[in-house]
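Enquirer: my questions are about this predicted structure, shown below with the sequence.
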Amino acid sequence: MGAGVRIAYLHPGSVPSLYANSVHAMRMCDAFAQAGHEVTLYTAPGTYTVDDPHAYYGVRHHFSVTTVPSPDYSPTGYRARAERVRSLLTRDPPDLIYGHDLYALTAAAGVAPLIYETHRLRDDPNTLRIEEHLLRDTPPARIVVITHALGRDYRRAYGHLGTLPIVVAPEAAEESRPPTCPQSLPSMPGRPDVPNIGYVGHLYEGRGIDLILTLADRLPAFDFHLVGGAPEDLARWRKQGWSANAYFHGHRAPGVVPTYYPLFDVVLAPYQAKVYTAGGHCETGRWASPMKLFEYMAYGRAIIASDLPVLREILQDGVNCLLRPPDDPNAWADAVTHLVTDAVLGRSLGDAARQQFLHRHTWRHRANLVLAGLDTTGVAATR
């Protein structure tokens, strides 16, 4: 794609919200704006109020945010919201429509070229019908998926439609920023002179939280910090109890989360073979590309991650991380101890991870990748 174009980004969720999909949408819009495009994000109203969503998410470039409410959380409500989005786009057509919102993308077909991004195979009859209609009758210019595993599954699922124009673009992260002053670093509970082992992310089933708490039990000389988690998930873990050297920090604004990374000696990505989204509604472990993993890489942290095929698309044991079986606490305890005691190895792995991140996994790189070679000049010329 050449000069900057006008992009309408269709997000089915809310901004702000506690969910990772809102971070993804804001970061992608930020990266498109950084690349010189004029971006408008169409999103549902936030589930809570913040003064400035750009500051809350820590994005650096301004873009417009248009909220479009849904009458209710039903297929009928989603279709009504999608028609409202189409009406807004028709009044002032963009050069390109990009997004995850199946209802709104299908409704807006014909207004401008479409790019459909998806992070999992659909599994309910209603959205399967909508997706089949979109791919068959109003095919997008391309489909963006986050892993090669998901791309292969889409080709198998929709092989009857011919060759799908699939682009594999893993999740990404913002380039690391040094703290503006010591006061900007978070206040950390725990002991001042022991290694800090970190985890950043949600506390859903399949994220390996029980493994982290097992490690805290087995390694009392280290402090374990878990950053993130909705209130209901925190309450669930509180009922189970944990060791005195494990600290749950709860949800933090996305713009604040990066201030934790410099404080961690080792970071953990203990994803299980089955990883679930909020409320356990969707299982996505086969296709996962966790944003927090790329944030670990951006800050050059020493990473221990689960040895899963989908994570091996990004990670290489002994090169940019240590990979361990997700169901082997002994192997994880040994790996944590090894990285804490061998600072040279930890720095080597962290440096390799950061270099890979800088060359392949920034949001700007991802924005360029998903738009590469796309021609919208015909649309722009006819407006």
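Expert: Now that the structure is in, tell me what you want to look at.

Enquirer: average pLDDT across the helix or strand containing Asp30?
Expert: Taking DSSP states H and E as the definition, Asp30 sits inside helix 20-34. The pLDDT scores in helix 20-34 average 97.

Enquirer: same for that helix, what does it pack against?
Expert: Other helices and strands packing on helix 20-34, by 3 or more CB pairs under 8 Å, 6 or more residues apart in numbering; DSSP states H and E, are strand 6-15, strand 38-45, helix 53-57, helix 291-298, helix 363-371. To be clear about C-beta, it is placed using only N, CA and C from the backbone, and glycine gets the same treatment.

Enquirer: which stretches of the stretch 101-250 of the chain have low pLDDT?
Expert: 179-184 (pLDDT under 70).

Enquirer: all strands of it, in order?
Expert: Ranges of strands within the stretch 101-250 of the chain are 114-117, 142-145, 166-168, 196-200, 223-227, 246-250, based on DSSP state E, counting those that start in this stretch.

Enquirer: picking that back up, between strand 6-15 and the helix holding Asp30, find me the angle.
Expert: 160 degrees (axes from the mean of the first three to the mean of the last three CA atoms, to 10 degrees).

Enquirer: got the angle between helix 20-34 and helix 363-371?
Expert: Using the same axes, to 10 degrees, helix 20-34 lies at 80 degrees relative to helix 363-371.

Enquirer: neighbouring contacts of helix 20-34?
Expert: 7, 9, 11-16, 39, 41, 43, 53-54, 57, 59-63, 98, 100, 171-172, 174, 202, 254, 291, 362-364, 366-367, 371 (CB atoms under 8 Å, 6 or more residues apart in numbering).

Enquirer: figure out how far that helix is from the centre of its chain.
Expert: 10 Å (CA atoms, centre = their mean, to the nearest Å).

Enquirer: would TSV of the helices and strands packed on helix 20-34 with distance to Ala235, mean neighbour count and mean pLDDT be doable?
Expert: Shown next, in TSV, are the helices and strands packed on helix 20-34 (distance: least, CB to CB, whole Å; neighbours: other CB atoms under 10 Å; pLDDT from 0 to 100):
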stretch	distance to Ala235	mean neighbour count	mean pLDDT
strand 6-15	22	24	97
strand 38-45	25	21	97
helix 53-57	24	17	95
helix 291-298	22	25	97
helix 363-371	33	20	98
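
Enquirer: out of the ones you listed, flag the one nearest Arg155.
Expert: helix 363-371 (18.0 Å; CB to CB).

Enquirer: quick one: the helices in the stretch 251-383 of the chain?
Expert: Counting by DSSP state H, counting those that start in this stretch, the stretch 251-383 of the chain has helices at residues 291-298, 329-341, 343-360, 363-371, 377-382.

Enquirer: dump the ones you listed to JSON lines, plus distance to Arg207.
Expert: Below are those laid out as JSON lines (distance: least, CB to CB, whole Å):
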{"stretch": "helix 291-298", "distance to Arg207": "10"}
{"stretch": "helix 329-341", "distance to Arg207": "14"}
{"stretch": "helix 343-360", "distance to Arg207": "20"}
{"stretch": "helix 363-371", "distance to Arg207": "23"}
{"stretch": "helix 377-382", "distance to Arg207": "41"}
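
Enquirer: between those, which one is closest to Pro192.
Expert: Of all the helices of the stretch 251-383 of the chain, it is helix 329-341 that lies closest to Pro192, at 15.9 Å by CB to CB.

Enquirer: packing partners of the closest one?
Expert: Judged by 3+ CB pairs under 8 Å, 6+ apart, helix 329-341 is in contact with helix 209-218, strand 266-269, strand 302-306, strand 322-324, helix 343-360.

Enquirer: export the longest one as CSV, just CAs?
Expert: Output of helix 343-360 as CSV, limited to C-alpha atoms (Å, rounded to 0.1, in the frame of the first residue of the first chain):
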residue,chain,number,x,y,z
ALA,A,343,22.5,-14.2,34.9
VAL,A,344,24.6,-14.5,31.7
LEU,A,345,22.2,-17.1,30.2
GLY,A,346,19.2,-14.9,31.2
ARG,A,347,20.7,-11.8,29.5
SER,A,348,21.5,-13.9,26.4
LEU,A,349,18.0,-15.2,26.0
GLY,A,350,16.5,-11.8,26.7
ASP,A,351,18.7,-10.1,24.2
ALA,A,352,17.9,-12.6,21.5
ALA,A,353,14.2,-12.3,22.2
ARG,A,354,14.4,-8.5,22.0
GLN,A,355,16.3,-8.5,18.8
GLN,A,356,13.7,-10.8,17.2
PHE,A,357,11.0,-8.6,18.5
LEU,A,358,12.6,-5.4,17.0
HIS,A,359,12.9,-7.0,13.6
ARG,A,360,9.6,-8.8,13.4
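
Enquirer: in that helix, what's buried?
Expert: For helix 343-360, burial by neighbour count (16 or more other CB atoms under 10 Å) applies to Gly346, Leu349, Gly350, Ala352, Ala353, Arg354, Gln356, Phe357.

Enquirer: that helix to helix 329-341, inter-axis angle?
Expert: Angle, helix 343-360 to helix 329-341, by the same axes, to 10 degrees: 100 degrees.

Enquirer: centre of the chain to helix 343-360, how far?
Expert: So, by CA atoms, centre = their mean, the centroid of helix 343-360 is 20 Å from its chain's centroid.
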